[in-house]
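Peer 1: mind folding the following:
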Amino acid sequence: MGRGKAAAAGAPASGTARAGLVVGSHGRHCLVETPDGERRICHPRGKKSQAVVGDRVQWQPTADEGTIERVDERRNLFYRQDEIRTKSFAANLDQILLLVAAEPDFSEHQLTRALIAAEAQHIRALIVLNKSDLAELFGRAWERLAPYRRMGYAVLPLSLEGADAPGLAAVEAELAGRTTLILGPSGVGKSTLVNRLVPGALAQTGEISQALNSGRHTTTTTTWYWMDKAAGTALIDSPGFQEFGLNHIEPTQLPALMPDIAAHTGECRFYNCTHRHEPGCGVIAHVEGAAPPSDADISAMRYRIYNELFDELSRPPSY
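Peer 2: The predicted model follows:
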């Protein structure tokens with residue numbers, strides 16, 4: 001998969017192919033759900049029929065399993081890519097929910113990388129800050145997220161402590177009628193949130209993992225949960241990640257994928273400005289406070305991340 005290109009759909013199917021939705025994946029194995037709710041393990045016929053959770057596919061039954069003949073055209077594909085490999089999370093998403101917490105301290109670099117990947121695929125992003133019950137730590141974390149609120153991202157507070165789980169109703173309202181991929185590092189309460197939203201989710205994950213022959217390695221399984229099938233509300237839980245490669249993004253694409261940078265690129269003297277050193281750069285002016293203050297000012301941290309990502313994506317491959 002080259003930079004800026006999502007995985008292609010497979011060749012047209014023939015014969016008695018049936019429609020299905022991929023609701024679980026582990027390695028090359030998939031769990032496909034039919035329109036009437038039946039679920040069956042399927043295997044891709046070839047590389048072009050490799051599917052991810054959220055894919056609409058055409059499949060054919062083979063004994064008690066099935067073969068994926070074609071992956072239907074995708075609306076989007078959310079993935080990360082480093083120099084070694086590409087990791088696809090899910091397809092045909094309406095939004096991603098990025099769960100961070102007041103404790104442990106979250107990484108703005110990782111948050112920014114995930115947001116850039118979502119912007120590249122035109123996927124809405126929702127940021128949820130957990131552990132609002134830790135008042136002092138939460139206050140500091142909430143302030144760190146102020147630039148993202150100014151950029152227009154929805155940022156919601158949450159506590160999963162207690163039966164009432166303050167903020168959970170507001171999160172559920174944002175999920176209604178949408179297919180949402182939930183992402184978050186370890187320790188932020190992702191499993192607890194999934195189980196609050198989908199009672200019995202962990203048991204369901206175990207069953208899917210067993211069906212896909214992944215044994216105890218449930219953390220490697222991406223799983224689709226219906227919150228409200230009739231309303232089209234679905235949650236996709238994916239394993240956490242320590243790194244989020246953006247090698248599929250060109251460095252010159254970064255300004256358009258970072259809303260606070262993009263807001264000022266039209267103010268630059270040069271049309272091909274990189275926003276790093278050029279005179280008359282509108283972006284640098286807003287970072288340094290040389291431009292009139294606005295709600296779209298760029299924080300020093302965000303500009304530092306932009307420069308670090310630009311350098312990273314400009315380096316030639318090491319292999």
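
Peer 1: helix or strand for the most centrally placed residue in the chain, which one?
Peer 2: Residue closest to the mean C-alpha point of the chain, counted by CA atoms, centre = their mean, is Ile96 at 4.7 Å. Under the criterion of DSSP states H and E, Ile96 resides in strand 95-101.

Peer 1: now do that strand: everything it contacts.
Peer 2: Residues from elsewhere that reach strand 95-101, judged by CB atoms under 8 Å, 6 or more residues apart in numbering: 78, 106, 111, 114-115, 118, 123-131, 141, 171, 174-175, 178-185, 187-190, 193. From N, CA and C alone the C-beta is placed, and that goes for glycine too.

Peer 1: apply 6 Å and report the result again.
Peer 2: 106, 114, 118, 123-131, 178, 180-184, 188, 190 (CB atoms under 6 Å, 6 or more residues apart in numbering).

Peer 1: parallel or antiparallel, which strands does it pair with?
Peer 2: Sheet pairing of strand 95-101 (DSSP bridges) gives strand 124-130 (parallel), strand 179-183 (parallel).

Peer 1: winner for burial among those strands?
Peer 2: strand 179-183 (a mean of 24; mean count of other CB atoms under 10 Å).

Peer 1: and Tyr148, that's in a helix?
Peer 2: Yes - per DSSP: H, G, I helix; E, B strand; the rest coil, Tyr148 lies within a helix segment.

Peer 1: burial count for it?
Peer 2: Residues lying near Tyr148 (other CB atoms under 10 Å) number 22.

Peer 1: and the one 10 residues further on, by the same measure?
Peer 2: The number of residues packed around Leu158, counting by other CB under 10 Å, is 23.

Peer 1: how about it: what's its closest non-neighbour residue?
Peer 2: Distances taken as CB to CB, 6 or more residues apart in numbering place Gly167 nearest to Leu158, at 3.9 Å, with adjacent residues excluded.

Peer 1: any idea how far that neighbour is from Ser88?
Peer 2: For Gly167, the distance to Ser88 (CB to CB, to the nearest Å) stands at 30 Å.

Peer 1: next up, the contacts around Leu145.
Peer 2: Going by CB under 6 Å, 6+ apart, Leu145 touches Val155.

Peer 1: ramachandran angles for it?
Peer 2: The phi/psi pair for Leu145 (degrees, to the nearest 10) reads phi -90, psi 0.

Peer 1: same check, this time on Ala114
Peer 2: Note on Ala114: backbone dihedrals following degrees, to the nearest 10 are phi -60, psi -40.

Peer 1: how many other residues sit next to it?
Peer 2: Neighbour count for Ala114, taken as other CB under 10 Å: 22.

Peer 1: what's the helix or strand for Leu193?
Peer 2: Taking DSSP H and E as the definition, one finds Leu193 inside helix 190-197.

Peer 1: could you dump that helix to CSV, C-alpha only?
Peer 2: Extracted C-alpha coordinates of helix 190-197, given in CSV (Å, rounded to 0.1, in the frame of the first residue of the first chain):
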residue,chain,number,x,y,z
LYS,A,190,-11.3,1.3,27.1
SER,A,191,-12.5,-2.1,28.1
THR,A,192,-14.7,-0.7,30.9
LEU,A,193,-16.2,1.8,28.4
VAL,A,194,-17.0,-0.9,25.9
ASN,A,195,-18.7,-3.0,28.5
ARG,A,196,-20.7,-0.1,29.7
LEU,A,197,-21.9,0.6,26.2
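
Peer 1: for that helix, buried residues please.
Peer 2: 190-191, 193-197 (16 or more other CB atoms under 10 Å).

Peer 1: next, the angle strand 179-183 makes with that helix.
Peer 2: 150 degrees (axes from the mean of the first three to the mean of the last three CA atoms, to 10 degrees).

Peer 1: show me what helix 190-197 is packed against.
Peer 2: Secondary-structure packing of helix 190-197 (3 or more CB pairs under 6 Å, 6 or more residues apart in numbering; DSSP states H and E): helix 201-211.
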